[in-house]
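Asker: A predicted structure for the sequence below; I have some questions about it.
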Protein chains: 2
Amino acid sequence: MSEPEARGPHRLHEQLEAVVELLRRQKLVEQVAHGQHGAHQDLVDALVHRQNQAELQRHLDALHPADIARLLEALPLDDRLAVWQLVKADRDGEILLEVSDAVRESLIADMDDREILAAAGSLDADELADLVEDLPTEVLPELMASLDAQQRERVQSALSYEDDQVGALMDFEMVTIREDVSLETVLRYLRRFDELPEQTDKLFVVNHENLLTGVLPLHWLLVNPPEKMVSEVMAPDVNTFHPDDKAAEVAQAFERYDLVTAPVVDASGHLIGRITVDAMLDVIREKGESEALSRGGLREEEDIFASVWASVRNRWSWLAINLVTAFVASRVIGLFEGSIQKLVALATLMPIVAGIGGNSGNQTITMIVRALALGQIAPDSARRLWRKELAVALLNGLIWGGVIGAVAWMLYGHLALGLVMTAAMTLNLLLAAFAGVGIPMLMMRFGRDPALGSSVMITAMTDSGGFFIFLGLATLFLM
Amino acid sequence: MSEPEARGPHRLHEQLEAVVELLRRQKLVEQVAHGQHGAHQDLVDALVHRQNQAELQRHLDALHPADIARLLEALPLDDRLAVWQLVKADRDGEILLEVSDAVRESLIADMDDREILAAAGSLDADELADLVEDLPTEVLPELMASLDAQQRERVQSALSYEDDQVGALMDFEMVTIREDVSLETVLRYLRRFDELPEQTDKLFVVNHENLLTGVLPLHWLLVNPPEKMVSEVMAPDVNTFHPDDKAAEVAQAFERYDLVTAPVVDASGHLIGRITVDAMLDVIREKGESEALSRGGLREEEDIFASVWASVRNRWSWLAINLVTAFVASRVIGLFEGSIQKLVALATLMPIVAGIGGNSGNQTITMIVRALALGQIAPDSARRLWRKELAVALLNGLIWGGVIGAVAWMLYGHLALGLVMTAAMTLNLLLAAFAGVGIPMLMMRFGRDPALGSSVMITAMTDSGGFFIFLGLATLFLM
């Protein structure tokens, strides 16, 4: 805790404004210096500039690395690099870990190999593993050579797991003790540390083969008489995780059982690392965010000051997919151009059928995806869910379809058109309900994340399906 | 930690299946008993039934309250209430806190007043405050009367804050110490406790007026020599929060600074409570979920086994809003029925213009909402964002609009139609970009959460706008 303390969330905006103000003043000085060319004036400008710079530096030194990271993310590229120059000597490693991927790229692009190696040198193995994939490949050999054997092995182990597995998220900063010593001995042992690893809330009890035999929460160490033995006080049965466990499931366990840290063991029960609640906070937030991004059609989080070209690429694939689905829907309409020519009201009304179907399908899918993520859907409840969703769709179709059918009847004075509208709405809502339950369940069955892409699929189905149902019924009954 | 230990995330599904199997066996016995009426047979059935029941009970007793909560959420209503009968005597309070609001309602509806009072009796003031709003009003007077003065005050204080404020989320289980004692004394003081409050990672240092003067992390208590004074070791400057702070901002601070607990102080610095990381985990997850729900058009989380009627009501308002926006878009098309009659290809192509505009606008809005939530948008970066988003839209419009315009030209052999298509796509994408930046910024300015409802608004604009632009241009240039 030698770092400057952070001071609550309200301050970030003020800090941001102060830094922006200092950067702006700096730029004004540079503009003035550019206009006037007297030697005396230059000197004054240089002094003002240096003073400004010093004030900015003081500001930045007082900030927590996480706050500097937020600040860098909120600055346009030129200001961002100006600030980065001022902070990177000291705490560049920590800051690089905190910024988003997109911003990290822009910062690393501004560093030379020597700076990158220095930054990496200040990090632990698990942190290094997070950073490695964003580093330029030419520095990697030298970086790996600079590590000792244990660290290198840990980095390689972390890299061998997927980003969403415990193995990629665990750290190695554990305090281990033996069970055949007294609490007094443990207390004396701990006093030999300068500091305990962050978030340590329990000590891990291992035998001579490094098999985890239990955990000793710090609480119990503190409230029990010092003469008791560790074996009498420790908890033998603990929440342990494996390196190939899914991070999202482990995060659920942290939330459910209010954990702060938990041991990670290999298949035979040897202690190999620990997982902390701060990593789980990131997992939970990132899961929510990546779902929001993917639902919104962004391939990855975007630096808000990214170049136009980088933004276009980030949004490309989703637009391309939607263009294809929109084109298919358009061709479905094309099949019925003859009917539309005869009764142009069909063109006016058809977007309502498609749109409400899409909305209703997305409601169903949102609920099913959530229930699947929480493990609430047992194998035999699928049929029950279908029954319920189809009933909801039928009811909504009759009510809302009835309303809009009546409106169509009044607008166009054409009763049969209104009835076709009601029937089409109801059928499209039933299609939406059927697919809204089926699509995520199928994706789950095939081992894919149902949160990704199912919204695009249902909208494609209810668009094309809605047009087909409505125009088809109209052609059958009104032509 | 006298509770049964939980055993990792993988087990939940197995537990669910085991319980479902036991419930099914039970039902079979009941059906058989219903069919056959020999006295002897009844006895056998009763025995089997009791044996089953005992096995089920054993299963449930071994589960953590949070796991029972997940189990109850995953069971249809009749099974859910059967299981609830078996667990509610013991741990009903804790379980009620863990289940979702919708499921909680179904459980409370199954309890009589005596049971509700007993459940509430086992809870702390902050937990009680969470539960109170779901309890039937007739038990509240008796419940409040059963509390002592301090508890009653705490419940009332918690109830006086919004759900998303620190005051509603803090608990009161703090260990406080004075700064003018030695660590030895603190260690002796702690041994007088049977147990420390969950997640305690630091002790709060207060003076005789209960003003917070610092915190003493348990780590520092453990690694420092016992003869040192608290004042020498404690951290004077800490992350403190106020009861009216927004929970989402505090959660960001917990994530940024890797906090486990933090003190809550009133305006003059008196210690009044503490906030823990497990509450913040809930806040972060719930924020992600409520955004997903609202984007998907669900008013609140839905019990997947809710009645059809409850589901219809939950989805009603979103469908109604969308019906209105779809109707408006339809009336826009209605303005141009004459043009469509002359050139029916317009009806075929118009959904593409509207659809891609909506997708592109949602991409922009997703990015802006996220950046606003992270405080990344300084007041003067609005113009810069608009410039960038408009440039992205222009580029996408020319490229994708060009592609689809060329396709239209080929399909209908009508060059001018293709050009109108390209122009309309480009203009609608520019509209989407303009509104995609503007809507969330405006909502923020007026103090509303930009994550809620902005997606519906942009889609409404790009639908109606897209139809108007495309059909308008076509009427001007092709008729």
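Answerer: Nice, I can see it.

Asker: So is stretch A:377-393 next to chain B?
Answerer: Yes. Judged by Cβ under 8 Å from any Cβ of the partner chain, stretch A:377-393 and chain B are in contact via A:I377, A:A378, A:P379, A:D380, A:S381, A:R384, A:L385, A:K388, A:A391, A:V392. (C-beta placed from N, C-alpha, C; glycine too.)

Asker: Which of those has the largest number of neighbours?
Answerer: The residue in these with the most neighbours, by other Cβ atoms under 10 Å in any protein chain shown, is A:V392 (24 neighbours).

Asker: That one: what's its closest spatial neighbour, skipping adjacent residues?
Answerer: Nearest in space to A:V392, with sequence neighbours left out and distances taken as Cβ to Cβ, 6 or more residues apart in numbering or on different chains, is B:S311 at 4.9 Å.

Asker: just checking, the one you found touches A:L390?
Answerer: No. With contacts counted by Cβ atoms under 8 Å, B:S311 stays clear of A:L390, the gap being 11.4 Å.

Asker: Of those two, give the one with the bigger neighbour count.
Answerer: B:S311 (24 against 17).

Asker: so who does that one touch?
Answerer: Counting by Cβ atoms under 8 Å, 6 or more residues apart in numbering or on different chains, B:S311 touches A:K388, A:V392, B:E302.

Asker: Does the first one belong to a helix, a strand or coil?
Answerer: The one in question is A:K388. With DSSP: H, G, I helix; E, B strand; the rest coil as the basis, the three-state label of A:K388 is helix.

Asker: my read: it touches B:V312, true?
Answerer: No. Using Cβ under 8 Å, A:K388 is not in contact with B:V312, being 10.5 Å away.

Asker: any idea of the mean pLDDT for stretch A:289-302?
Answerer: In this model, stretch A:289-302 carries a mean pLDDT of 77.

Asker: One more: stretch A:234-242?
Answerer: The average pLDDT for stretch A:234-242 rounds to 86.

Asker: quick one: buried residues of it?
Answerer: Neighbour counts over stretch A:234-242 (16 or more other Cβ atoms under 10 Å in any protein chain shown) mark A:M234, A:V238, A:N239, A:T240, A:F241, A:H242 as buried.

Asker: Let me have the residues you listed in TSV, extended by secondary structure and distance to chain B.
Answerer: Formatted as TSV, the buried residues of stretch A:234-242 follow (DSSP: H, G, I helix; E, B strand; the rest coil; distance: Cβ to the nearest Cβ, whole Å):
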residue	secondary structure	distance to chain B
A:M234	coil	11
A:V238	coil	7
A:N239	coil	6
A:T240	coil	7
A:F241	strand	6
A:H242	coil	8
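
Asker: Can you show me the strands along the stretch 101-250 of chain A?
Answerer: Applying DSSP state E, counting those that start in this stretch to the stretch 101-250 of chain A gives strands spanning A:176-177, A:202-206, A:212-217.

Asker: Run through who's touching the last one.
Answerer: The contact list for strand A:212-217, computed with Cβ under 8 Å, 6+ apart, reads A:177, A:179, A:186, A:201-207, A:230-231, A:233-238, A:240, A:263, A:265, A:269-271, B:1.

Asker: Please check the residues you listed and keep the buried ones.
Answerer: Neighbour-count burial (16+ other Cβ under 10 Å) is assigned, among the contacts of strand A:212-217, to A:177, A:179, A:186, A:201-206, A:230, A:233-234, A:238, A:240, A:263, A:265, A:271.

Asker: Can you name the element that comes right after the helix or strand harbouring A:R313?
Answerer: When elements are assigned from DSSP states H and E, A:R313 belongs to helix A:308-334. Per DSSP H and E, the first helix or strand lying C-terminal to helix A:308-334 is helix A:337-342.

Asker: The closest residue to chain B within the stretch 351-479 of chain A: what's its closest spatial neighbour, skipping adjacent residues?
Answerer: Using Cβ to the nearest Cβ, the closest approach of the stretch 351-479 of chain A to chain B is made by A:T366 at 2.8 Å. Sequence neighbours aside, B:G296 is the residue nearest to A:T366 in space, at 2.8 Å (criterion: Cβ to Cβ, 6+ apart).

Asker: Then A:A118?
Answerer: Spatial nearest neighbour of A:A118, chain neighbours left out: A:D92 (7.4 Å); criterion: Cβ to Cβ, 6+ apart.

Asker: Next up, the contacts around that neighbour.
Answerer: Taking Cβ under 8 Å, 6+ apart as the definition, contacts of A:D92 comprise A:M111, A:E115, A:A118, A:A119, A:S122.

Asker: surely the fourth one meets A:M111?
Answerer: Yes. Under the criterion of Cβ under 8 Å, A:A119 makes contact with A:M111 at 7.2 Å.

Asker: Neighbour count: the two, which is higher?
Answerer: Set A:A119 next to A:M111 and count neighbours by other Cβ under 10 Å: A:A119 wins out with 24 against 19.

Asker: and that one, what does it touch?
Answerer: So A:A119 contacts A:K88, A:D92, A:G93, A:L96, A:M111 (Cβ under 8 Å, 6+ apart).

Asker: Name the residues of the host helix or strand of the second one that come out as buried.
Answerer: With secondary structure defined by DSSP H and E, A:D92 is part of helix A:77-98. Buried residues in helix A:77-98, defined by neighbour count with 16+ other Cβ under 10 Å: A:79-84, A:87-88, A:91-98.

Asker: Quick one, which of those has the minimum pLDDT?
Answerer: Comparing pLDDT over the buried residues of helix A:77-98, A:K88 scores lowest. The value there is 68.

Asker: Now do stretch A:229-237: distance to the chain's middle.
Answerer: 38 Å (Cα atoms, centre = their mean, to the nearest Å).

Asker: Format the CA atom coordinates belonging to that stretch as PDB.
Answerer: The C-alpha trace of stretch A:229-237 is given here as PDB (Å, rounded to 0.1, in the frame of the first residue of the first chain):
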ATOM      1  CA  MET A 229      -2.700 -26.300  16.300                       C
ATOM      2  CA  VAL A 230      -3.500 -25.400  12.700                       C
ATOM      3  CA  SER A 231      -5.100 -28.800  12.200                       C
ATOM      4  CA  GLU A 232      -7.600 -28.200  14.900                       C
ATOM      5  CA  VAL A 233      -8.700 -24.900  13.500                       C
ATOM      6  CA  MET A 234      -8.400 -25.100   9.700                       C
ATOM      7  CA  ALA A 235     -11.400 -25.900   7.400                       C
ATOM      8  CA  PRO A 236     -10.700 -29.200   5.700                       C
ATOM      9  CA  ASP A 237     -13.300 -29.000   3.000                       C
END
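
Asker: residues near A:E337, how many?
Answerer: A:E337 has 15 neighbouring residues, counting by other Cβ under 10 Å.
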